[in-house]
Each structure stands twice: as C-alpha cells, then as structure tokens.
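Participant: Could you look at this predicted model? Sequence included:
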Amino acid sequence: MKLSHLPLRLATGAFILNSGLGKRGLQGEAAEGLHGMASVTLPGSLKEMDATEFAQLLSRAEMALGIALLAPFVPSRMAGAALTAFGGGLLSVYLQTPGMRQEGSIRPTQAGTALAKDVWLVGAGLTLLLD
C-alpha cells in the first residue's frame, strides 16, 4: 500500500466499517425498508431473501470491505476493485429507485441525495484501482 493511499483508505474504510457495524442487529421494519429499496436492483435470489437475512449479509459485506480498506496488507488495487463494485451497486440503487432523481435528470431529489452522495465511493475505488 502506498503512503498516499492511507488517508483515502482510512476515511472510506472507517466509514464503511461503521456502517456495517450499525446494521448488525437490523430487524423488522428497518431491515424490510433496506431490503425493499435494494430489491429494485438485486438479482433474483437476493431479492427473494428474507429482509433480516439480507440486512445481516449487507452488514457482513460492509464490515469485510471496511476491514479490507483498513488492512495495510490488502493491496490497494484489490481494495479499490471491491470499493468500486460496492459503490457502483449503491449508485445502481440510486439510479433505478423512483423518486431519487429529478424528472429527466441525473440530479438527485431531496430524498435521493443520501444515495447520490455515494458517487464518492466509486471515485475513491477507481483512484485506488487505477493508481
């Protein structure tokens, strides 16, 4: 890992790890809301998964990605590829969920801003992948 990658990896890794830790015990309406929003872009088997199971899977995936970004022995190229894929998945949800974008535009609505801001994950991942 290059020293210049450290700030980017620390910032994204800590943020994503914290997000995964926060979803560990997600159940009920919270899990259903998360699963429902993601169901717009999920492949068939994940779409049909129980909402609580999905939340737990997402929690583990976020924790694993966060740890990979924080671990200095994980090559930046590998961490960047995983971060780009994860960020791309979030942007896919943003682009395909009704009401997230202004009519005829890529610009977010007020409700879509929380998802649209994940574009920084794709940028960070591509930076690590390409450098």
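Facilitator: Yes, it's here.
Participant: can you pull out the helices in this protein?
Facilitator: 6-22, 28-38, 44-47, 51-70, 76-96, 113-116, 119-130 (DSSP state H).
Participant: Tell me the pLDDT of Gly25.
Facilitator: Gly25 carries a pLDDT value of 89.
Participant: From Ser59, how far out is it?
Facilitator: From Gly25 over to Ser59 the distance is 9 Å, taken as C-beta to C-beta, to the nearest Å. (C-beta placed from N, C-alpha, C; glycine too.)
Participant: of those two, who's got more company?
Facilitator: Ser59 (20 against 12; other C-beta atoms under 10 Å).
Participant: Can you tell me how far the more buried one is from Gly87?
Facilitator: 17 Å.
Participant: With Leu130 instead?
Facilitator: Shown here: Leu130 relative to Gly87, a distance of 14 Å by C-beta to C-beta.
Participant: which of those two has more neighbours?
Facilitator: Gly87 (22 against 10).
Participant: what's the closest non-adjacent residue to Thr109?
Facilitator: Gln102 (5.7 Å; C-beta to C-beta, 6 or more residues apart in numbering).
Participant: brain fart, Leu130
Facilitator: Closest residue to Leu130 apart from its sequence neighbours, by C-beta to C-beta, 6+ apart: Gly80 at 7.6 Å.
Participant: And for Leu129?
Facilitator: With C-beta to C-beta, 6+ apart, the residue lying closest to Leu129 is Gly80, at 3.5 Å.
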